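> Quick check, what structure comes out for this input:
(chains A and B)
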2 protein chains.
Amino acid sequence: MSVVLQKINSSVRSIRPMQDTALAQRAGQIKEELRQGVKKPYIKIIDLTWGDPHRHGLKPLTFARQVLAACLYPKLLNDDTLPADVRQRAQGLLSECQGGSMGSYTDLPGIPQVARQISEFIVRRDGGVPSDPESILISPGSQWALQNILSLLVHGSDSAVRSGVLTPLPSHCVSIMSVVGLGGVSVPYHLSEEQGWEVQVEELNRVLEAAKQEYDPVALYVINPGNPSGHVQSRKSIQDVIRFASEKRLFLLADEVYQDCIYKDNIEFVSYKRVLAEMGPPFSNTVELASFHSASKGFLGECGLRGGYVELVNLDPAVMKHVFTIFSKDNAPTPGQIALSVMASPPQPGDPSYPLYRMETQQMQTLIKDNVRIVHEVLNSLPGVSCQPVEGGAFAFPIIYLPPKAIRKAKELGMEPDTFYCLRLLEDAGVFFSPGCEYGQKVGTYHIRFCIMATRGTIEETLTRFAVFHTHFMDEFS
Amino acid sequence: MSVVLQKINSSVRSIRPMQDTALAQRAGQIKEELRQGVKKPYIKIIDLTWGDPHRHGLKPLTFARQVLAACLYPKLLNDDTLPADVRQRAQGLLSECQGGSMGSYTDLPGIPQVARQISEFIVRRDGGVPSDPESILISPGSQWALQNILSLLVHGSDSAVRSGVLTPLPSHCVSIMSVVGLGGVSVPYHLSEEQGWEVQVEELNRVLEAAKQEYDPVALYVINPGNPSGHVQSRKSIQDVIRFASEKRLFLLADEVYQDCIYKDNIEFVSYKRVLAEMGPPFSNTVELASFHSASKGFLGECGLRGGYVELVNLDPAVMKHVFTIFSKDNAPTPGQIALSVMASPPQPGDPSYPLYRMETQQMQTLIKDNVRIVHEVLNSLPGVSCQPVEGGAFAFPIIYLPPKAIRKAKELGMEPDTFYCLRLLEDAGVFFSPGCEYGQKVGTYHIRFCIMATRGTIEETLTRFAVFHTHFMDEFS
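Predicted coordinates:
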């Protein structure tokens, strides 16, 4: 018997693997079978389970990659095939790195220029609401920052009462939240699918009161635009949530990483920070808020570089000291910080890089908007499938009305019904979607999730395969 | 009263800030004063507290930076000003990234080619001892990997008995170990300064037996080459430690990030993995070992990119599943993985990049060896200073025999005596070293730590300022 096995930490034992589901394993096997020449009705698996645009064939923005190359290989600063604004940006960033190298550790909160650019970006985004660079902490991704903030808030078994964090259901990070656990508890509140996955204050209230019996609710986690829901919260809805958090003295954790991805013309993203400021006292100067953003999401899509940030509002200076301490445990990678610089401060009209940057982002925007339209049309044209409008974010999360026979079959196999459905979709059509049970859903409902940020060809091929599969599946189990 | 402040997690409260000491704050103030034109006996602070070669003016390796630039901006693949082997390496790495982009998340254990290269590097290093790429996990730095492994091993207050980890004293990461805490306990064992900071098995034994009264010792953490000690363990010493770990059923955590930095001609680095394999059964097939390495250290020095790995030996497959789960929580940044690729598989004789690579690494090696020689000579020529040989690593850690008057003065000021000494050194000479109390030291002894990886000019200027300051200080308090 090994030393570790007897002793493995129990909270680690309870972590659910993320890339190690039966579905992911089967996808790996099928890829291998295809490589070995096994005949299938398809020659390639399409995997849309990741919120990772480059993985699905979208291209990085040229300006971002040119700045990265020049920062990492400064000889390119003398290369006039690179636009002048690229070289200027790189020079500016390098001048704020220790020893002039991207290879040095950066001090907190990150490269100072990047923190300033993020702060200015927030001010512009929020119509002039002030933002202090000293309240911004750059990290190796938004989820990392979220974990840090949670580690401050959540008490585990060392405390008389375990801490609870209200978490949307469905949510992209149920597993992360429970991991973070630190012994804390994720308290799920249902989003209302019938109302386009809206947050409902009555539901928050119901869940909070029930949780209080057992736990100490300390924070409310919201995801806007929704993942996987695709819902974008209105100003009114955000006001309601803030009022609720204020009344119940909950710390607000706002995951806003898809803020640049809005697909409906009459809808705009409004940040929690802005609404909070506009509500005025007592809200604006008391409600504690952490707002998370990332260079991985949106049109930049630089997941591999690892760069995110959190802006903190209304935290006591004594608490901020602990926040700094906990963020100083690790440095954000400099390439991720460069990506954040480009996200926060893209080329402006008149800059040499602007025309190309504008073309690339507009093409991307048009592509994704069209993807969303096509996805919506196809899904809602299929019997037994219904998809709420994808107003923002990166995912469609349609409900599948599975026939009772299919549900029975799944249960015979010891599987969740939507996992069974996704496994068949993978097996028969070579399309890899995630089942709703991985995100949480109302009992007795079944969903699938897939990323809509992909090339047109991929989306069309996916929908064609999906439509054929779904029709056969419904026939088979009707 | 803010919501968080009342509720802040107690184990977070106990974390000691790393960049937030009185010394670091004063260094920041002095920099600001110098900027504002305040007259001082120096025009610039020299900060050698970081193990960060680029920060201290050393240059990145050209091959590494060219590969990075080509990977991030693949248009450069067609640029024949870049050597053919650079373009080939970049093409190979990109072909194993999803969507052909460094902007995608990588699956565990990282970019497959990088894991293979690391595995081959280990086999070469260890004279043919096999290494399985599936036992290697790439992470955003070696400390991150260490934290993950500790989180598996260490039980906190949820357990009847708290876990203990034997940790060298002095050690560069006392604070990290206690942070990791997870409620676990760091059990310090003294290295023997008189024996050049050797690990002594009697001391391990003494500490273990004492710890058993209160805790459950689960692991033994060793740092070789030592940080801050500069000691390099002999094969014999490693054998002794392995025998001890085997007998006491301790998991071995070997921090070997400075393995490429050896400065004495008759000394070589031997890995724990190699010695373990060469000892044969029952050791070689039972002792559980995690060996950590990093792209931040050595001559590459790419701290800012964040790339490290751990190789695991003799872990039960059931335990490896948990390891994979916990590492899948976050992806290693792709640029850090590229740096690891270059570290593990540098240009070879015959490759177009080899001559420049060889010249750069040899120059670096000569520079650091000379730095070590000069540091040693100057330190040991000063009364009241004594420095053990710096055989490897990145730091000198001399003992300072402080006069009783200085110790009394420090105590009056409520300071550790070596903090007082470092504060005066900073104030009077503009030289920023860390006090030994930050790393742990035998009661009644006082040390300073500084990085020896810096340009010749920096080292010479530092030693000149230091010698003058030290002489004055000793006079003042004699």
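> From now on I want contacts and neighbour counts done on CA atoms only, so please keep to that.
Fine.
> Next to chain B, which bits of the stretch 101-250 of chain A? Give me the list.
For the stretch 101-250 of chain A, the contact set with chain B under Cα under 8 Å from any Cα of the partner chain comprises A:101-106, A:151-155, A:157-158, A:176, A:249-250.
> so A:Cys303 makes contact with B:Ser101?
No. Contact between A:Cys303 and B:Ser101 fails when scored by Cα atoms under 8 Å: they sit 10.0 Å apart.
> What count of nearby residues applies to A:Phe121?
By other Cα atoms under 10 Å in any protein chain shown, the residues close to A:Phe121 number 18.
> swap in A:Met320?
Counted with other Cα under 10 Å, A:Met320 comes out at 16.
> mind checking how far it is from A:Phe327?
From A:Met320 across to A:Phe327, the span is 10 Å (Cα to Cα, to the nearest Å).
> Also A:Gly301?
Counting by Cα to Cα, the separation of A:Gly301 from A:Phe327 is 24 Å.
> again with A:Leu94
Using Cα to Cα, A:Leu94 is found at 22 Å from A:Phe327.
> where does the stretch 151-300 of chain A have low pLDDT?
Within the stretch 151-300 of chain A, the segments meeting pLDDT under 70 span A:156-159, A:173-183.
> related to what we said a few turns ago, of the residues of the stretch 101-250 of chain A next to chain B, buried ones?
Those of these that meet the buried threshold are A:101-106, A:151-155, A:158, A:176, A:249-250, by 16 or more other Cα atoms under 10 Å in any protein chain shown.
> what's the offset of the longest helix along chain A from the middle of its chain?
Scanning chain A for the longest helix, with DSSP state H as the assignment, gives helix A:354-381. The chain centroid and the centroid of helix A:354-381 are separated by 19 Å under Cα atoms, centre = their mean, to the nearest Å.
> for A:Leu367, what are its contacts?
Going by Cα atoms under 8 Å, 6 or more residues apart in numbering or on different chains, A:Leu367 touches A:455-456.
> do A:Thr455 as well
A:56-58, A:367.
> Compare these and tell me which is most surrounded.
Going by other Cα under 10 Å, A:His56 tops the contacts of A:Thr455 with 24 neighbours.
> That one against A:Ile452, yeah?
No. Using Cα under 8 Å, A:His56 is not in contact with A:Ile452, being 9.3 Å away.
> wait, A:Ile448 sits on A:Ile400?
Yes. Using Cα under 8 Å, A:Ile448 is in contact with A:Ile400, at 7.4 Å.
> Who has more neighbours out of the two?
Between A:Ile448 and A:Ile400, counting by other Cα under 10 Å, A:Ile448 is the more crowded of the two (25 against 21).
> out of everything not next to it in sequence, what's closest to that one?
Distance criterion Cα to Cα, 6 or more residues apart in numbering or on different chains; nearest residue to A:Ile448, sequence neighbours excluded, is A:Pro435 at 4.6 Å.
> Let me see the backbone angles for the one you found.
Backbone geometry at A:Pro435, expressed as degrees, to the nearest 10, gives phi -80, psi 150.
> Next up, the contacts around it.
Neighbouring residues of A:Pro435 by Cα under 8 Å, 6+ apart: A:418-419, A:421-422, A:446-449.
> Next one, pLDDT for it please.
Each residue has a pLDDT score; the one for A:Pro435 is 96.
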